[in-house]
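Q: Everything below, folded, please.
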Amino acid sequence: MNNFVKDNQKKFDQVLDFFKSDIASLRTGRANPGVLDRVQINAYGVLNPINAVANISVADSHSITLSPWDKGISKEIEKTIIEADLGFGVVNEGDKIRLIVPRLTEETRKETVKKLNDKMEKVRISLRQVREDLKTEIEEAEENKDIAEDDKFRLIKELDEMISDKNDELKEIRDKKEQDIMDI
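A: Below is the predicted model of the structure:
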């Protein structure tokens, strides 16, 4: 692998990691604590992620349990989750909060897959942008006589092959998430 691609491998990996974390918040038919990752609670005058103020566990395939470390903020956690409009049933049991994950309807599943595809297309655009930046860098190196013309074409070919591999990896991630969403 050439230095241009090797030095920028991290950028490609960051784009895929972003996609993985972004789609983790999409609801599937099962309880997944990842849907709470973007929910921020105002506790002690500061916005905190829920996992900073409560223990999150999956009780069964259709419920998530939150156990606040400070029972005084239970009402605030409950209110924040309701306002986040995640589609969960919220039950405050005093010492813990139970989130009931309703089964997804066929229409909801299709809508979620549509959101997944939109997110994937944005990530593909990001991958293309990183590729274009790198290709420009290679062409400038050739213009500055840092590399030969033959090397430029070889480097661009390697770059295109890597982009193809990253797009395949992206599609695999999307397909797996779609299967999770569509499973009943």
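Q: Which pLDDT value does the model give the closest residue to Gly34 other than its chain neighbours?
A: Counting by Cβ to Cβ, 6 or more residues apart in numbering, Gly34 lies nearest to Ala24, which is 3.8 Å off, once chain neighbours are set aside. C-beta here means a position set from N, CA and C on the backbone, and glycine is covered the same way. Looking at Ala24, its pLDDT is 79.
Q: show me the contacts for Ala24.
A: The contact partners of Ala24, by Cβ atoms under 8 Å, 6 or more residues apart in numbering, come to Asn32, Gly34, Val35, Asp37.
Q: Would you mind writing the PyMOL command to select the buried ones in the residues you listed?
A: Written as a PyMOL command, the selection of buried residues from the contacts of Ala24, which uses 16 or more other Cβ atoms under 10 Å, is:
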select buried, resi 32+35+37
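Q: In this structure Ser57 contacts Asn51, no?
A: No. Distance between Ser57 and Asn51: 10.8 Å, which falls outside the contact criterion (Cβ atoms under 8 Å).
Q: list the residues that contact both of these two?
A: For the pair Ser57 and Asn51, residues contacting each of them under the criterion Cβ under 8 Å, 6+ apart are Pro33.
Q: Would you quantify the distance from the most far-flung residue of the chain relative to its centre to Lys152?
A: Distance to the chain centre peaks in the chain at Lys145, reaching 40.7 Å (criterion: Cα atoms, centre = their mean). For Lys145, the distance to Lys152 equals 11 Å [Cβ to Cβ, to the nearest Å].
Q: can you pull out the helices in this structure?
A: According to DSSP state H, the chain carries its helices in the segments 3-7, 9-23, 74-84, 106-143, 149-182.
Q: Nearest to Ser61 among the contacts of Ala24?
A: Compare each of those with Ser61 using Cβ to Cβ and the shortest gap goes to Asn32, at 9.8 Å.
Q: Contacts only, for the closest one.
A: Contacts for Asn32 were tallied using Cβ under 8 Å, 6+ apart; they are Ala24, Val58, Ile64.
Q: next one: Glu149
A: When the contact criterion is Cβ under 8 Å, 6+ apart, the partners of Glu149 are Glu142.
Q: Quickly note the distance from it to Glu143.
A: In this view, Glu149 and Glu143 are 10 Å apart by Cβ to Cβ.
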